[in-house]
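[1] need a 3D model of the sequence below.
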Amino acid sequence: MVKSFYKRIIEFLRTKLSRMQVIMLIATLVGFASGMVAVLLKTLVHYIQHWIKEIPVSHYAYLMFPAIGLLVTVFIIRHFYGGQLERGIAMVLKAIARKYSFIPLNHTYSHVITSSITVGLGGSVGLEAPIVATGSAIGSNISRISDLSYQERTLLIACGAAAGISAVFNAPIAGVIFSVEVLLAETVVSYFIPLIISSVVGVLCSKIILQEASLFNFVLKQTFDYRNVPFYILLGIIAGFISLYYARVFKRTENILHSWTINVYVKAIIGGAFLMAIYFVFPPLFGEGYDSVKTVANDTFSHFSDNTSLFSRLGDNWAIIAFSALIVLVKPMAAGITIGSGGNGGNFAPSLFAGSYLGFFFSNLFNSTPWVKIPVGNFSLVGMAGVLSGVMYCPLTAIFLIAEITNGYELFIPLMIVSSISFFIVKSYEPFSMETKKLAMEGQIFTHKKEKNILTSIQIGEMLQDEYVSLRTDQKLKDLVEAIKGSEKNIFAVLDKQGKFTGIIELNDIKQKLFQPDQFEKVNIQSLMKKPAGILRLNQDMHMVMDKFDHTQSWYLPVLDPENRFVGFISKTKLFNKYREILSSQGDLYDQE
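    Predicted coordinates for the structure are as follows:
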């Protein structure tokens, strides 16, 4: 009923407004819905963790909750989502590239439920990736019932993500930049207005509803000093290599746990036990860790709970330096264990966490010498941008995010230095981020290469021409003549007695025999066929299809299923026409009135 009422409103608005104006209104709705969901998710996690702190039991009782969170999350995914839940930003990118920007409706709430339990009960991951997935799903489903085009659905997906990020961090510019930098491989100027509208509406939701203490912001205590530029350059280099370390350790840890062929509940318990041990030694790793990040970035981190009594042997100053260094190294393991054991969350917050402790360690290490004094808070904040840029491959987002949460652009120069150096280093070693590498290598998501993106968006099934007459090897030339009379095609597939594909017949090869009626009963089809220059498979992507056309110089290629049964031909002409059609549709939204 609500859906039909909404559709009637949209149809009425289309009679009164231009298409672009309708999109602006829908972007406002998407921004509001995504912003409210982001606020709901942050509030849920805040209250769960507040409840944990208030439990009147042993000081170490909180160590049990991560295992409980993993068990509950696994139970929900197993019993309500079929045991599978596509997670995070990679899911959104795949939907844009391979599913025409359609995201299933259950993604509008599944990530809110599972990530709030995982993170709220102490999982060492962040809420930003689930918020991006949820906001994107909201944008996709609202645009679907609004009967928008593929290009417009993609834009609304980005609007939902922008609103979610801006609401979480109180950073509307960073929300827009994130969507452009991470989700939209192709961007035109007209995209920015809907993105800005959604982002502003999202941030207003958090400003109005959330308390100031819940917002992630800082006040700079020291201004930028150009004499510290050499130290920022060095921090950028270290942040780049720490980002590579983070990505590889996280994926390695996650993949090891995923590869265990044991009961999912047993795996969750084992993962919870690992986290319990890690949190006992490093309590700040519990949950998102934003409170700990605030302490570090505000340079008020002067003591910590040394449950093992190992660090206290080093003295106060060196104990903190050693503790912060190990925090940076252990964080990706904790995040990998949380996800690999069945939890739901992302690496946005963990990368900020690792970066803040990296900057804190770096500055305190130099400050422990009598020759150097650099601002701890500033380097902690800039370190956050460096590791975020290197882990998530979003240098512009990192720069604007830290600039906005510090309520000014005083650190803009060091943010640019550290983020760009870190990003350059990781790009030199890995062309794709850890979350998208596998999908990018398989051609499952868009990259920043326009021609490949167009091919990625084309499915082999929609290019398939299946209205072809096939012949059997035991038939005669007369049967081919009859097939030619009833068909406009000039190529035919030949099958064996079991229905398996064996070859093709092209009219250009047999023209002379068509004028020899005395041969119609004598010549077998098998003697007329030939092997095709190449064969395509149903599961191949269009990059491989285009490569095969280029290699064989053919205009038609047969497509077979996994059992080698013929399913149709693909025409190079039809493929080129589809390519041009998609290319022409990627224009400015203002031109689509």
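[2] alpha carbons only for contacts and neighbour counts from here, please
    Noted.
[3] next one: the helix or strand where residue 387 lies to chain centre, how far?
    Assigned by DSSP states H and E, residue 387 falls within helix 376-392. Computed by Cα atoms, centre = their mean, to the nearest Å, the chain-centroid distance of helix 376-392 equals 21 Å.
[4] could you export the helix or strand that it is followed by as PDB, CA atoms only?
    The helix or strand immediately downstream of helix 376-392 is helix 395-405, counting by DSSP H and E. Extracted as PDB, the C-alpha positions of helix 395-405 are listed here (Å, rounded to 0.1, in the frame of the first residue of the first chain):
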ATOM      1  CA  PRO A 395      43.100   9.800  -0.500                       C
ATOM      2  CA  LEU A 396      40.700  12.700  -1.100                       C
ATOM      3  CA  THR A 397      38.100  11.300   1.300                       C
ATOM      4  CA  ALA A 398      40.800  10.900   3.900                       C
ATOM      5  CA  ILE A 399      42.000  14.500   3.500                       C
ATOM      6  CA  PHE A 400      38.500  16.100   3.600                       C
ATOM      7  CA  LEU A 401      37.300  13.800   6.400                       C
ATOM      8  CA  ILE A 402      40.100  14.800   8.800                       C
ATOM      9  CA  ALA A 403      39.800  18.400   7.800                       C
ATOM     10  CA  GLU A 404      36.100  18.500   8.500                       C
ATOM     11  CA  ILE A 405      36.200  16.600  11.900                       C
END
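[5] same for the following helix or strand past helix 395-405, what does it pack against?
    Using DSSP H and E, the helix or strand that follows helix 395-405 towards the C-terminus is helix 412-429. The contact analysis (3 or more Cα pairs under 8 Å, 6 or more residues apart in numbering; DSSP states H and E) places helix 412-429 against helix 229-259, helix 376-392, helix 395-405.
[6] out of those helices, which gets nearest to residue 130?
    Distance to residue 130, taken as Cα to Cα, is lowest for helix 376-392 among the helices and strands packed on helix 412-429, at 14.6 Å.
[7] what helices and strands are in contact with that closest one?
    Here helix 376-392 touches helix 229-259, helix 290-297, helix 348-367, helix 395-405, helix 412-429, going by 3+ Cα pairs under 8 Å, 6+ apart.
[8] that one vs helix 412-429, what angle?
    Angle, helix 376-392 to helix 412-429, by axes from the mean of the first three to the mean of the last three Cα atoms, to 10 degrees: 30 degrees.
[9] please identify the most buried of the helices and strands packed on helix 412-429.
    Highest mean neighbour count among the helices and strands packed on helix 412-429 (mean count of other Cα atoms under 10 Å): helix 376-392, with a mean of 31.
[10] and the angle from that one to helix 229-259?
    Interaxial angle, helix 376-392 versus helix 229-259 (the same axes, to 10 degrees): 50 degrees.
[11] and the angle for helix 376-392 with helix 290-297?
    Angle, helix 376-392 to helix 290-297, by the same axes, to 10 degrees: 130 degrees.
[12] what comes up buried for the helix or strand containing residue 320?
    Residue 320 is located in helix 316-340, with elements delineated by DSSP H and E. For helix 316-340, a neighbour-count test (16 or more other Cα atoms under 10 Å) marks 318-321, 323-325, 327-340 as buried.
[13] please apply the same query to stretch 147-165.
    Within stretch 147-165, the residues that count as buried by 16+ other Cα under 10 Å are 148, 150-165.
[14] list the contacts for the residue located most distally from the centre of the chain?
    Most distant from the centre of the chain: residue 518, at 65.0 Å, with distances by Cα atoms, centre = their mean. By Cα atoms under 8 Å, 6 or more residues apart in numbering, no residues touch residue 518.
[15] picking up where we left off before, what angle separates the helix holding residue 320 from helix 348-367?
    Angle, helix 316-340 to helix 348-367, by the same axes, to 10 degrees: 160 degrees.
[16] helix 316-340: how far from the chain's middle?
    25 Å.
[17] for that helix, name the packing helices and strands.
    helix 229-259, helix 264-281, helix 348-367.
[18] related to what we said a few turns ago, out of the buried residues of stretch 147-165, which sit inside helices?
    Judged by DSSP state H, the subset of these located in helices is 150-165.
[19] identify the residue nearest residue 432 in space, chain neighbours excluded?
    residue 440 (7.3 Å; Cα to Cα, 6 or more residues apart in numbering).
[20] residue 526 reaches residue 474, doesn't it?
    Yes. In terms of Cα atoms under 8 Å, residue 526 counts as a neighbour of residue 474; the distance is 6.9 Å.
[21] these two: who's more crowded?
    Between residue 526 and residue 474, counted using other Cα atoms under 10 Å, residue 526 has the larger neighbour count: 21 against 13.
[22] and the more buried one, how far is that from residue 501?
    Look at residue 526 and residue 501: by Cα to Cα, to the nearest Å, they are 12 Å apart.
[23] pull up the overlap in contacts between the two.
    If you check residue 526 and residue 501 against Cα under 8 Å, 6+ apart, the residues they both contact are residue 494.
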